[in-house]
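Novice: Quick one: sequence and predicted model below, then my questions.
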Amino acid sequence: MFERRSLKFPITLGVVLIVLIVVLIVGWVVITAFGASGSNPVLFGTLLAVGTSLLVIVLVGVTMYLTLSIKAINLSQRQSNFIDAVTHELKSPIASLKLYLQTLSRQDVSSTERVTFHNMMLDDVERLDQLINHLLDAARLDRQSPSVPPEEVDVDELLREIAYDVADRYRQPRDRVRLELEPCVVEARREDLTIVFRNLIDNAIKYAGDPPSVRVSLAVGDDRAPSIQIEDNGRGIPAGLRRRIFGRFVRLGRELERDRPGTGLGLYLARSLVQRLKASIRIRDPVSGQGTVFEVRLPAASLRGGSHRKAKPVAAPDGPS
């Protein structure tokens, strides 16, 4: 999860820069002496050219070192934000669970209140479970062998299952998520696809407007490449942040002003797994002008029934409302 980078290159670069600076100082003294004597103008010109070249190399090295330092500072800040996020995500549900358990053990509560407390405690446990899953997914990402064989995955069925599961977890009516799915089967690792779409749909519901409205569509083009779009009616993502938002530990806003749960790993996991699937992911503006559309294009698929059927909105089965 925390990428371990070798210190060999920055240390070597620093040593080389120090040596070059010492050589430049000595060379400058020699050039000054030759220039003052005027005894050997050819050697003077040669030393001046060499000194100028070394100075350019030092300037390039300093620029590279500064760039590496800025990247290291940014990574350190993102890791600090991540630790703050994980700490908050762990402490909040644990404190809530402790309070509910103390209340249930010390006071007489009605059966209605007891059911309410149990539901709230279940929400806290599910929040902890989601956090642990995120951390495990991130830890497994670099270690998982790419040689794990793919399998046939019904993408439409997978999207329907994930969408209703996420809606239930946020206690939203299932009809808040509109499904427009064509039948589609791809050769892929089911676990990878599950992580990608779970994170994208989770983000869509979490950052949607009030009331939330999410659209999940799956269409297969003439090239048999499935295109999955996940659209919400939230505030949207500024164009200047759309590339950075897929980075590790990146979250919009400040950690001290947290109005949404999360660790900043969801979109990083989604992008990394999409790349491993040899697919693509991008952010688009919705036609309505409000919200965000995440579009994932998978490699060519096979279709059930061998025909392209027009996508129709799918009625949501009964679920929590």
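Specialist: All right, it came through fine.

Novice: rest of the way, CA atoms for contacts and neighbours
Specialist: Will do.

Novice: Could I get the phi/psi values of residue 290?
Specialist: phi -120, psi 130 (degrees, to the nearest 10).

Novice: That one contacts residue 231, correct?
Specialist: No - using Cα atoms under 8 Å, residue 290 makes no contact with residue 231, being 9.7 Å away.

Novice: Neighbour count: those two, which is higher?
Specialist: residue 231 (29 against 15; other Cα atoms under 10 Å).

Novice: so which strand or helix has the residue lying closest to residue 273 once chain neighbours are set aside?
Specialist: Of all residues beyond its chain neighbours, the one nearest residue 273 is residue 192 (6.2 Å), with distances taken as Cα to Cα, 6 or more residues apart in numbering. Following DSSP states H and E, one finds residue 192 within helix 190-206.

Novice: on contacts alone, who are the packing partners of that helix?
Specialist: Counting contacts by 3 or more Cα pairs under 8 Å, 6 or more residues apart in numbering; DSSP states H and E, helix 190-206 packs against helix 155-169, strand 226-232, helix 266-276.

Novice: Would you indicate which residues of that helix are buried?
Specialist: For helix 190-206, the buried set under the neighbour-count rule, 16 or more other Cα atoms under 10 Å, comprises 190, 192-206.

Novice: How about stretch 288-302?
Specialist: For stretch 288-302, by 16+ other Cα under 10 Å, it's 291-302.

Novice: From those, which land in strands?
Specialist: In strands, defined here by DSSP state E, the members of the buried residues of stretch 288-302 are 292-297.

Novice: I'd like the distance between the residue nearest to residue 273 and residue 117.
Specialist: 35 Å (Cα to Cα, to the nearest Å).

Novice: where along this structure do the helices fall?
Specialist: 8-37, 41-106, 111-141, 155-169, 190-206, 266-276 (DSSP state H).

Novice: can you list those helices in JSON lines and add distance to residue 250?
Specialist: Below are those laid out as JSON lines (distance: least, Cα to Cα, whole Å):
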{"stretch": "helix 8-37", "distance to residue 250": "25"}
{"stretch": "helix 41-106", "distance to residue 250": "6"}
{"stretch": "helix 111-141", "distance to residue 250": "14"}
{"stretch": "helix 155-169", "distance to residue 250": "22"}
{"stretch": "helix 190-206", "distance to residue 250": "13"}
{"stretch": "helix 266-276", "distance to residue 250": "8"}
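
Novice: what's the closest of the ones you listed to residue 184?
Specialist: helix 155-169 (5.7 Å; Cα to Cα).

Novice: in that closest one, what counts as buried?
Specialist: Of the residues in helix 155-169, those buried (16+ other Cα under 10 Å) are 155-156, 159-160, 162-167.

Novice: try stretch 60-79
Specialist: Neighbour-count burial for stretch 60-79 [16+ other Cα under 10 Å]: 61, 65, 75, 78-79.

Novice: Out of the helices of the chain, flag the one nearest residue 182.
Specialist: helix 155-169 (6.6 Å).

Novice: Just the mean pLDDT for that closest one, thanks.
Specialist: Averaged across helix 155-169, the pLDDT comes to 93.

Novice: Output that helix as PDB - backbone C-alpha positions only.
Specialist: Extracted C-alpha coordinates of helix 155-169, given in PDB (Å, rounded to 0.1, in the frame of the first residue of the first chain):
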ATOM      1  CA  VAL A 155     -21.100  -7.800 -16.400                       C
ATOM      2  CA  ASP A 156     -24.800  -6.800 -16.400                       C
ATOM      3  CA  GLU A 157     -25.600  -9.200 -13.600                       C
ATOM      4  CA  LEU A 158     -22.500  -8.100 -11.700                       C
ATOM      5  CA  LEU A 159     -23.400  -4.400 -12.000                       C
ATOM      6  CA  ARG A 160     -27.000  -5.100 -10.900                       C
ATOM      7  CA  GLU A 161     -25.800  -7.100  -7.800                       C
ATOM      8  CA  ILE A 162     -23.300  -4.400  -6.800                       C
ATOM      9  CA  ALA A 163     -25.700  -1.500  -7.400                       C
ATOM     10  CA  TYR A 164     -28.400  -3.000  -5.200                       C
ATOM     11  CA  ASP A 165     -25.900  -4.000  -2.500                       C
ATOM     12  CA  VAL A 166     -24.400  -0.500  -2.300                       C
ATOM     13  CA  ALA A 167     -27.900   1.100  -2.200                       C
ATOM     14  CA  ASP A 168     -29.000  -1.200   0.600                       C
ATOM     15  CA  ARG A 169     -25.800  -0.400   2.500                       C
END
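
Novice: For that helix, enumerate the helices and strands it packs against.
Specialist: By 3+ Cα pairs under 8 Å, 6+ apart, helix 155-169 packs against strand 177-181, strand 185-188, helix 190-206.

Novice: could you give me the average pLDDT of the shortest one?
Specialist: The predicted model gives strand 185-188 an average pLDDT of 91.
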